[in-house]
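Asker: return atomic coordinates for the entry below.
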Amino acid sequence: MLNFDYDLLVIGSGPAGLRAAIQAAKLNKRVAVVERKAVVGGVSVNLGTIPSKTFREAVLDLSGYNDKTFYGQSFSVKKQITIADLLMRCDQVIRHEIDVMRDQLQRNGVEVIAATASLCDAHTVNLEAVDGKGLRLVRTAKIMIATGTETTKDPHIPFDGKLIFTSDDVLWLDRLPRTLAVVGAGVIGAEYASMFACLGVRVTLVDKRSRLLPFVDEEISDSLAYHLRENRVTLRLGEDVAAVEPFEDENGARVRIKLASGKQIVTEKALYSIGRTGNTSTLNLEAAGLSADSRGRLKVNSHYQTEVPNIYAVGDVIGFPSLASTSMEQGRIAACHAFGAKAQSFPDLFPYGIYAIPEISMCGKTEEELTHDGVPYEIGKARYKEIARGQIIGDITGLLKLIFHAETRQLLGIHIIGEGASELVHIGQAVMFFGGTIDYFINTVFNYPTLAECYKVAAFDGINRLALYQQT
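Answerer: Modelled structure (predicted):
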C-alpha cells in the first residue's frame, strides 16, 4: 500500500462515514474523510436525525403534551409557540454535535477534506475543492462510500421550500401553518405529521399504502393511527396523489392537492415526503465499475462490499433500514472487514426507533413475520396505565408487547409504543441477544416505579396466556 496516499478514503461524514473512519484509524490506517458541505455530520446531524429529534423534544416540552393528562387539553407551557422557539433548541444541539464529531476525527488523526469527490477508477478519486481552489487526484487502497441520501423530489411538483417543502426544509420555515398536508406516511412523514399535530396544526396525512409503517407490528401501527386521529390528524390512506399545486385567492397563498380518487385537499403548506434518493449522481460510479439503482442506492454483500471488492458502501446510500444507529454499525463492520480485523454484528437484533408522538421502538420479529414462517408463538402485553411510572409521567396510552416461542418460551420480539420506547427496547434486546426466555423478566426485580416494570407485567400476561394455550 506504499504507493497509495491513503489506506481508506471515506466519502461522506455522516454517522456511517464517521464510524468507518474512526474504526479504520484505530486500526492504525491512514484515513481521510471527504465532505462537500461546510460542516461535518452529513444529513443526520445537519438536516435529519438530530434536528428532527430535537424539534420533537421542543414540541413535547413547549406544548406540555405529557402534562395534558393532569392539567387538561388546553394546557401548554407556551401559549403562542413559534417556529423560532423550536429552532433555537435545534441550532444549539446541532452546533454541539458538529463540534463533538470534529473533535473525534481530530483525536483519531483522521484528515478532513472539504471537497466534492468523483471516482476515476477503483483506486483513484478526483477531489474538487469546495473553495474552488482547484482539483486534486488521490490514490487510496480502499474506498468507503457513505454519501447518504437526499429527499426524493417529483420534477412535476413546484417545490419552493415555503409553501411546498421537504423534510430538509423544515429548519427554514418562516412560520407554523394552521393547516398542513403531509404526502408520504413513511417514518419521516409520520414523525413530522405527529409533531405538527401536537402543536395544534390541522394535519392531513396522505399515503398510497393502506396502513401506516407496514414494517412495524400491525397492532403497534394501528395504535399509532389511533393516536394520530385522536390528535385530529386526518388519514388518507390508500390514496394516490395526482397533482400538487400552489394557488392564491383572497385568503392568500395556499396549496391544492388533487388525489386520483377525485378528492381535493386545500392547505396552507404541504410537506412532501415520499422517500429519499441516494447521493450518488455526482460520484461517476461507472468509472470504477459500479452502478446505482433507480433510487441512487448501491448494492452490497453482507460485509458491505460493492461489486468492486475494495469499494464499500454503508449507511442510507444502501437503503433500508436507513437509521443512524444501523448506519454507524455498518461503518464499523465494513472498516473491520476492509482491513482484516475481527468484528461481529447481529443485524437480526438491530433495534428500530421511530420518533413519532407517541414514540415507537421494536426489535426482533413481528407477529406477521412469525405467522408467515409458521412459528408457534404467544404474546404478553403491559399497558403504561397499569404501571405506576406511566401514571406519574402522564402517559397512560403506552403499550409494551412481548412475543415469545410457545414451546421454548424464548423471546422473539419486543414492540413498544409510548414514552421512552427507544430506550426501553434495549432491555429486551439484551435478553434476545443471549437467547433468553420471558422467565428472565419474571425472575428479575426492576426498580420501582419505572417503565421497565412493563417487562414483568407483560411476561406474567404471556405466561397466563400460555397456560390457557396449553390447556386446550
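
Asker: can you report how many residues neighbour Met432?
Answerer: Number of residues near Met432 (other CB atoms under 10 Å) recorded here: 22. To be clear about C-beta, it is placed using only N, CA and C from the backbone, and glycine gets the same treatment.

Asker: state the distance from the nearest residue to it once chain neighbours are set aside to Ala382.
Answerer: Distance criterion CB to CB, 6 or more residues apart in numbering; nearest residue to Met432, sequence neighbours excluded, is Leu411 at 5.1 Å. Distance from Leu411 to Ala382, counting by CB to CB, to the nearest Å: 14 Å.

Asker: between those two, who's got more neighbours?
Answerer: Each of Leu411 and Ala382 has its neighbours counted (other CB under 10 Å); Leu411 has more, 30 against 26.

Asker: okay, and that one sits in which element?
Answerer: strand 411-417 (DSSP states H and E).

Asker: could you point out which element follows that strand?
Answerer: Assigned by DSSP H and E, the successor of strand 411-417 is helix 421-433.

Asker: picking that back up, so what sits opposite the residue nearest to Met432 in the bridge?
Answerer: Under the criterion DSSP bridges, Leu411 forms beta bridges with Phe404.

Asker: any idea how far Ser223 is from it?
Answerer: 21 Å.

Asker: how about low-confidence regions in the chain?
Answerer: 1-2, 42-48, 468-472 (pLDDT under 70).

Asker: centroid residue for it?
Answerer: Leu323 (4.3 Å; CA atoms, centre = their mean).

Asker: contacts only, for that one.
Answerer: Residues counted as contacts of Leu323 (CB atoms under 8 Å, 6 or more residues apart in numbering) are 350, 352-353.

Asker: ok, now with 7 Å
Answerer: The contact partners of Leu323, by CB atoms under 7 Å, 6 or more residues apart in numbering, come to Tyr352.

Asker: now it: how far from Ser422?
Answerer: On the measure of CB to CB, Leu323 and Ser422 end up 11 Å apart.

Asker: ok, now Val187?
Answerer: For Val187, the distance to Ser422 - CB to CB - is 13 Å.

Asker: and the helix or strand where His96 lies, what does it pack against?
Answerer: Here His96 is covered by helix 83-107, with elements defined by DSSP H and E. Counting contacts by 3 or more CB pairs under 7 Å, 6 or more residues apart in numbering; DSSP states H and E, helix 83-107 is packed against helix 15-26, helix 42-46, helix 49-63.

Asker: change it to 6 Å
Answerer: When contacts are defined as 3 or more CB pairs under 6 Å, 6 or more residues apart in numbering; DSSP states H and E, helix 83-107 sits against helix 49-63.

Asker: for this protein, longest strand please?
Answerer: The residue-count maximum for a strand in the chain (DSSP state E) belongs to strand 135-145.

Asker: could you list the residues in contact with it?
Answerer: With contact meaning CB atoms under 6 Å, 6 or more residues apart in numbering, strand 135-145 is reached by 1, 4-11, 20, 123-128, 310-313, 338.

Asker: could you check the angle that strand makes with helix 15-26?
Answerer: 100 degrees (axes from the mean of the first three to the mean of the last three CA atoms, to 10 degrees).

Asker: buried residues, strand 135-145. List them.
Answerer: Buried residues in strand 135-145, counted by 16 or more other CB atoms under 10 Å: 138, 140-145.

Asker: would you mind splitting the protein into its domains for me?
Answerer: In terms of domains, the chain is parsed into 6-151+277-346, 164-274, 358-471 (source: automatic domain parsing).

Asker: nearest to Ile157, of those?
Answerer: domain 164-274 (4.8 Å; CB to CB).

Asker: helices of the stretch 251-400 of the chain, start to end?
Answerer: Shown for the stretch 251-400 of the chain, the helices assigned by DSSP state H, counting those that start in this stretch span residues 324-338, 367-373, 388-393.

Asker: Thr326 is in contact with Phe350, isn't it?
Answerer: Yes - between Thr326 and Phe350 there is a contact at 5.1 Å, judged by CB atoms under 6 Å.

Asker: among those two, which residue is more densely surrounded?
Answerer: A direct count of neighbours by other CB under 10 Å for Thr326 and Phe350 places Thr326 higher, at 21 against 17.

Asker: for Ile318, see how far away the more buried one is.
Answerer: Distance from Thr326 to Ile318, by CB to CB: 10 Å.

Asker: check Phe350 too.
Answerer: Applying CB to CB to Phe350 and Ile318 gives a distance of 14 Å.

Asker: what does Glu245 give?
Answerer: 35 Å.

Asker: who's more crowded, these two?
Answerer: Ile318 (21 against 14).

Asker: against Asp293, how distant is the more buried one?
Answerer: 10 Å.

Asker: repeat for Gly435
Answerer: Distance from Gly435 to Asp293, by CB to CB: 36 Å.

Asker: which of the two has more residues huddled nearby?
Answerer: Asp293 (12 against 9).

Asker: what are the buried residues along whichever strand or helix holds Arg465?
Answerer: Taking DSSP H and E as the criterion, Arg465 maps to helix 453-471. For helix 453-471, a neighbour-count test (16+ other CB under 10 Å) marks 453-459, 461-463, 465-466 as buried.

Asker: over to stretch 178-190?
Answerer: 179-190.

Asker: which of the residues you listed lies closest to Tyr377?
Answerer: For the buried residues of stretch 178-190, the nearest to Tyr377 is Val187 (25.8 Å; CB to CB).

Asker: find the nearest non-adjacent residue to the closest one, please.
Answerer: Val187 sits nearest to Ile354 (CB to CB, 6+ apart), 5.5 Å away.

Asker: right, and that neighbour touches Ile360 too?
Answerer: Yes - if you go by CB under 6 Å, Ile354 and Ile360 touch, sitting 4.1 Å apart.

Asker: the helix holding His96 to helix 49-63, inter-axis angle?
Answerer: Using the same axes, to 10 degrees, helix 83-107 lies at 140 degrees relative to helix 49-63.

Asker: after helix 83-107 comes which helix or strand?
Answerer: strand 111-119.

Asker: good, wrapping up.
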